[in-house]
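In: model the following, please.
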Amino acid sequence: MTRETTSFIYVTYILSTPEKVFEAITKPEVARRYWGHENVSDWKAGSTWKHIRANDERTVELVGKVMEVSPPSRLVITWANASQAADPASHSRVTFEIETYENMVRLTVTHDELEPGSGMDKGIRRGWPVVLSSLKSFLETGRGLDVFAKPKAA
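Out: Next comes the predicted model:
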């Protein structure tokens, strides 16, 4: 019996180039400026990648494998909490599709193979919108958003 999974898809349009969007996802020194984390890998199919908190502790929060890489248009990675890396059932998949759309880029992020209602499923549904909004702001204005901001109490 196959397990039930769910997916999350986010599409945004960015005044940038496919090369700059791809670089923003894969270059640690760029990702830290809008994400607060660095994505570290050699970005070759089969290689590992790590999502490292860009602070003094340098905590590895997420890990995975690079499944497919076609710069600057496509990147597919597996995704798991570092504490669950040894359990293949805890891994989900993220696909970044980057395409020219007139004078801008359409970025589609599909995060699938998620366990419905899991902590990871809930977390990415809150996380991806702010991270990708910060990416857009960073590429268009040079300033990312505070991805660690919390809603104000009513």
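In: outside of the helix ranked longest in the chain, which residues touch it?
Out: Ranked by residue count, the top helix of the chain under DSSP state H comes out as helix 119-141. Residues outside helix 119-141 that contact it (CB atoms under 8 Å, 6 or more residues apart in numbering): 6, 8, 10, 12-16, 20-21, 24-25, 33-35, 79, 81, 90, 92, 107, 109, 111, 114-115, 143-145, 147, 149. Any C-beta I mention is one placed from the backbone N, CA and C, and that applies to glycine too.
In: hey, where'd the strands end up in the protein?
Out: For the chain, strands defined by DSSP state E occupy the ranges 6-14, 37-40, 48-53, 60-70, 74-81, 92-101, 104-114.
In: burial count for the residue nearest to E99 when sequence neighbours are not counted?
Out: Nearest residue to E99, sequence neighbours excluded (CB to CB, 6 or more residues apart in numbering): R106, at 5.2 Å. Look at R106: counted by other CB atoms under 10 Å, it has 16 neighbours.
In: surely R106 and V11 touch.
Out: Yes. R106 lies in contact with V11 (CB atoms under 8 Å); the separation is 6.6 Å.
In: pLDDT below threshold where in this protein?
Out: Along the chain, segments meeting pLDDT under 70 span 1-2, 154.
In: which residues does the residue nearest to E99 bridge with?
Out: Y13, E99 (DSSP bridges).
In: can we start the residue count at 26 from this point?
Out: New numbering, starting at 26: the last item is R131.
In: residues in contact with it?
Out: V36, T37, Y38, I123, E124, T125.
In: can you check E44 too?
Out: P96, P97.
In: how about stretch 118-132: buried residues?
Out: R118, V119, T120, F121, I123, M129, V130, R131, L132 (16 or more other CB atoms under 10 Å).
In: what's the answer for stretch 57-67, then?
Out: In stretch 57-67, the ones that count as buried by 16+ other CB under 10 Å are R57, R58, Y59, W60, G61, H62, E63, N64, V65, S66.
In: got it, and stretch 102-113?
Out: For stretch 102-113, by 16+ other CB under 10 Å, it's I102, T103, W104, A105, N106, A110.
In: span of that stretch from start to end?
Out: 13 Å (CA to CA, to the nearest Å).
In: that stretch: how far from the chain's middle?
Out: 14 Å (CA atoms, centre = their mean, to the nearest Å).
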